[in-house]
Structures are given as C-alpha cells and as structure tokens.
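[1] Below: sequence and its predicted model.
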Amino acid sequence: MFIATLLCNPQNSCLSPALVESLRNAWGGGDALWLAPDVAAEFSLEHQPDNQWEVWADLQDLGVDLVLQRADRRRKKMLLADMDSTMIQQECIDELAEEAGVGPRVKEITARAMNGELDFDGALRERVALLKGLPVAVIEQVLDSRITLMPGGAALMATMKVNGAYAALVSGGFTAFTKRIAEQLGFDENRANTLRVADGVLTGEVGMPILGREAKVDALEQITTRLGLEEADVMAVGDGANDLGMLGRAGAGVALHAKPSVAAECDIRINNGDLTALLYIQGYALTDFKG
C-alpha cells in the first residue's frame, strides 16, 4: 500500500479539491483525506503509478508538491537535519563573508560546493581562509541580525518531539551557529565544524576533522545505534550535495528546496512547501501541530 500526499506552500494555499479528486480518480486511489484545507491532502494507492514523475513535473508548474511513500512506518522516530538553507534560510559562511567584505567570492564557492561541483572539504577550507582576521564578535552580530529560521521549523520540531522523536542537527557549517539554532528549536544534539580563533579573531582555519558528507552518515549510524533505532525510523532533510549520503540512507530522505543535482537523486522532493511538509508526509494534520 502507498500513500500519495499533495501539498503546497501554506502562504500560498493553492491546492484545490478538484485537483486532488482528479488525480485520485486517475490513479484509482482511496478517499482523499484533507490534512490542512487548501494546503495538504493524501489518499491511498494499491500500486505505485508508472507516470509518477510526469505528474510530479506537471504539478510543480502549479506550485504543488507530490510525494509517494509506502504506507507503513511513515511516522519517524528521529529527525536528522541539515542547518544552512534547511533549518535556517541562509548559509552562515556566506553571511560571515559579507561582513568580511568577501561575500561574492565565498557565495560562488558555496553554490558550487552545494551543487556537488567542488570537493566539500577543500571548498570549506578555501572559504574559511578568506575570513581570516574577522573579529569573533561578528558571529554574534550575524546571528542576531542576518539569520532567520526556515518557515515551519518550529512546528516540525515541536510536533515530532511531543510525539517522542529524537532530533539531531548535523551541519557542514559551524558550532557557533548550530548551538544557537539547536537551542532555539529544541534539537537534542548538534554537530558541526569549528572555526579556530586566536586573540579574538578568526585564524582562517577550520578545526579538524572536517564534518562533511561522510560525517553526516556517521551521525546517522551512531545516533540510531545509540538509541536502538533502525535507519528506516529516520527522516533526514537537507539541500546540498554533502547531504546526499544521509538522505539516501534514511528511511525518508527529503530534498528541501534542494539544488537540482541533489533533488534528482531523491524520491522525496519539496520545492514548494515549507518545513511543515515534513509533517504532512508523515500523516500529521494541521490540527496535530504543536509550537
């Protein structure tokens, strides 16, 4: 048994009953269940349709995301989340670079690294080197003035946590940022890279070892083992090439507003919805949301 979930951006509630009924009828699905009026609905299917991705592409033009999953074990016991451009709307290193006067150069490297065009470790070292001499106090300034949470993140965290899920924030960014975001949203733990500091300024070096793609997979393995969970119990979410390892291993790997090369390798692609989409695809209704 499969479940088809259709959803859109809650700020642009464009999911019409006619559209849901049309697809349900075309695929011979069960009765539609509305999770949120004009925002999210689901129905069951006996078989996975052959034209899933053709329909997905058509719905993208309408601002609607389509997710097909097996019906069993949809509700996850653990959330493993990337931070930059996932739980927050920015890339932290890009914001630091703006303060250091090297914004355009660093943003270019970041974009290429997240699209899988550059080696992550080398790209991180190159970008951090460009921050050499930046006062460490600037980090707090950036957190206070430039960093904003991704819409839906608070509801996602509160709802999963009240239902017993464990949450880990695993970032290729920096602990100075993950610590604040983890505390703000209620993550149980956070892992990230460290920026080396001497005499109150950044040295331009990254603490070793660098947390990249493999470290995110390691986190998935280590935390599930520690908690006695299976990888099938995990929902992972991210947007960059360094997230692909954990997205491929988790029971539900969600490419959220991801780079095209990343989304192409994931079965769950959220391009229109916000982080509450991760609740809808688990079968949570708006009335179940916390936070």
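    Arrived safely, thanks for sending.
[2] now the strands for the chain?
    Along the chain, counting by DSSP state E, strands occupy 2-8, 33-36, 40-45, 64-70, 78-81, 166-174, 189-193, 195-198, 201-206, 234-238, 252-256, 268-270.
[3] contact partners of the last one?
    Counting by CB atoms under 8 Å, 6 or more residues apart in numbering, the neighbours of strand 268-270 from elsewhere in the structure are 7, 56, 65, 67, 69, 252-258, 263, 277-278, 281. Placement of C-beta: from N, CA and C, glycine included.
[4] how about those residues, which pair is most distant?
    Q69 and H257 (19.3 Å; CB to CB).
[5] more crowded one of the two?
    In terms of neighbours (other CB atoms under 10 Å), Q69 is the more surrounded of Q69 and H257; the figures are 20 against 16.
[6] which residues does S13 contact?
    Applying CB under 8 Å, 6+ apart, the residues near S13 are 37-39.
[7] give me that answer again for 6 Å
    If you count contacts by CB atoms under 6 Å, 6 or more residues apart in numbering, S13 has them with 38-39.
[8] So it versus T5, what's the distance?
    Distance from S13 to T5, counting by CB to CB, to the nearest Å: 15 Å.
[9] Likewise for G212?
    Distance, G212 to T5, by CB to CB: 31 Å.
[10] domain ranges for this structure?
    With domains defined by automatic domain parsing, the chain comprises 1-72, 76-291.
[11] Need the distance between the two termini of the first one.
    Same thing as domain 1-72. Chord length of domain 1-72, first to last residue, is 8 Å (CA to CA, to the nearest Å).
[12] For L211, give me the pLDDT.
    For L211, the pLDDT comes out at 89.
[13] quick one, what contacts the closest residue to it other than its chain neighbours?
    Closest residue to L211 apart from its sequence neighbours, by CB to CB, 6 or more residues apart in numbering: N193 at 5.1 Å. Neighbouring residues of N193 by CB under 6 Å, 6+ apart: 174, 206, 210-211.
[14] ok, and the most crowded of these?
    Sorting those by how many neighbours each has (other CB under 10 Å) puts L211 first, at 27 neighbours.
[15] I'd say A263 and G253 touch.
    No - A263 is not in contact with G253 according to CB atoms under 6 Å; the separation is 10.9 Å.
[16] who has more neighbours, these two?
    The neighbour count for A263 versus G253, taken as other CB under 10 Å, is higher for G253 (22 against 16).
[17] Look up how far L220 lies from that one.
    Applying CB to CB, the value for G253 to L220 is 10 Å.
[18] One more: K76?
    K76 is 12 Å from L220, by CB to CB.
[19] P151 now?
    Distance, P151 to L220, by CB to CB: 25 Å.
[20] For the two, indicate the residue with more neighbours.
    Neighbour count, other CB under 10 Å: between P151 and L220, L220 has more, with 23 against 16.
[21] Can you give me every residue that contacts the closest residue in space to the more buried one that isn't next to it in sequence?
    Of all residues not flanking L220 in the chain, M246 sits nearest, at 5.0 Å (CB to CB, 6+ apart). Applying CB under 6 Å, 6+ apart to M246 gives the contacts 80, 216-217, 220, 236.
[22] Can you tell me which of those residues is nearest A158?
    Taking the contacts of M246 together and measuring to A158 by CB to CB, the closest member is L80, at 17.2 Å.
[23] who does the closest one bridge with?
    L80 forms beta bridges with A168, A236, as assigned by DSSP bridges.
[24] In this structure it contacts A236, no?
    Yes - using CB under 6 Å, L80 is in contact with A236, at 4.4 Å.
[25] For these two, work out which one has more neighbours and name it.
    More crowded of L80 and A236, by other CB under 10 Å: A236, with 31 against 28.
[26] Local confidence estimate at the more buried one?
    98.
[27] which ones are touching it?
    Per CB under 6 Å, 6+ apart, neighbours of A236: 80, 246-247, 250, 253.
[28] what's the answer for A111, then?
    Residues near A111 by CB under 6 Å, 6+ apart: none.
[29] What spatial separation is found between the residue nearest to L211 and A40?
    For N193, the distance to A40 - CB to CB - is 35 Å.
[30] Then Q69?
    Going from Q69 to A40 by CB to CB gives 14 Å.
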